[in-house]
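>>> After the sequence you'll find the predicted model.
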Amino acid sequence: MIRIPPLHGLRFAFGTLTVLPVPVTRWDRVAARAGMLCAPLAGVVVGGIAGLLGAAALVAGAGPLLAAVCAAAVPAVLTRGLHLDGLADTADGLGSGKPAAEALRIMKQSDIGPFGVITLVLVLLAQVAALAEAYGGSWERGALAAAVSATAARLALTLAARRGIPAARPEGLGAAVAGVVPVRGALAVAVAVAAAAAAGGALSATYGAVRAAAAVVVAAAAAELLLRHCVRRFGGVTGDVFGGLAETAGTAALVVLSLG
């Protein structure tokens, strides 16, 4: 197996999954594998920024709802809305009921259809509501929820890029990263993310280790269900599907953390 310096993987992850000014120095399957294995680290940074901005708003006198809006806005800004756009396009493709080729054509269109609009509204409402619940408890609770959510969202990308998952198109980001991650590597990253979330939940005394780890597990399971459905419907994954998986996982994690 060809090995690549970790720095190239980090550059690929941050350069493709965020708007942070990180140059991608290699664009090949080897770099893509390393980059997708590092994807949750990009989530830690995005979620950390989101959580701290929400906490700053709360400390400055804003209510939990406004703090939640601030936190929810950060991942959208730091991805140029690509994951949300992917979620909307995936919803339009799935909701069309068309054969794979026609559904993929619908997903490539620049406009957003009714299924996409409805899905975006409901997902963003769920994210803001869950974050508001978290920030209503304390700024630490809200910040941790934002961090766990964003990290779980990028973990879904690592898992979706595992071997055995084909690309639906021969071009695009989906084709570049589809099937590049060894299954064992993907599972190892998933275990590491769940363990890190558990440690954060235990150390911060906000959610507890079990709930924080459960949020990651449920997020991965929700994304896996959507992934399998998309593979059946479209014949594989696309960049839009990856975006939809990230938003699904992140939202699922927030819902779990808001319960109880």
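Yes, it's here. Numbers count the residues shown, from 1 in each chain.
>>> From residue 65, how far out is residue 125?
As judged by Cβ to Cβ, to the nearest Å, residue 125 and residue 65 stand 12 Å apart. All C-beta spots, glycine's among them, are computed from the backbone N, C-alpha and C.
>>> next SSE after the helix-or-strand element of the chain with minimal mean pLDDT?
In the chain, no helix or strand scores lower on mean pLDDT, DSSP states H and E than helix 173-177, which sits at a mean of 84. The C-terminal neighbour of helix 173-177 among helices and strands, as given by DSSP states H and E, is helix 183-204.
>>> for that following helix, packing partners?
Packing contacts for helix 183-204, counted by 3 or more Cβ pairs under 8 Å, 6 or more residues apart in numbering; DSSP states H and E, involve helix 29-37, helix 39-59, helix 139-160, helix 209-234.
>>> So which bits of that helix are buried?
With burial defined by 16 or more other Cβ atoms under 10 Å, the residues of helix 183-204 counted as buried are 185, 186, 189, 190, 193, 194, 196, 197, 198, 200, 201, 202.
>>> tell me the pLDDT at residue 250?
With respect to pLDDT, residue 250 scores 98.
>>> Let me fix that, I meant to ask about residue 254.
Value for residue 254, per-residue pLDDT: 98.
>>> host element of the closest residue to residue 214 other than its chain neighbours?
Nearest non-adjacent residue to residue 214, counting by Cβ to Cβ, 6 or more residues apart in numbering: residue 256, 5.8 Å away. Using DSSP H and E, residue 256 sits in helix 239-258.
>>> hmm, who's touching the least confident helix or strand of the chain?
Residues outside helix 173-177 that contact it (Cβ atoms under 8 Å, 6 or more residues apart in numbering): 16, 27, 29, 32, 35-36, 157, 161, 167-169, 236-242.
>>> what's the answer for stretch 178-190, then?
29, 32-33, 36-37, 40, 155, 158-159, 161-167, 216, 220, 236-237.
>>> Check the burial of residue 33 by counting its neighbours.
For residue 33, the neighbour count with other Cβ atoms under 10 Å is 23.
>>> repeat for the one 5 residues further on
Neighbour count for residue 38, taken as other Cβ under 10 Å: 23.
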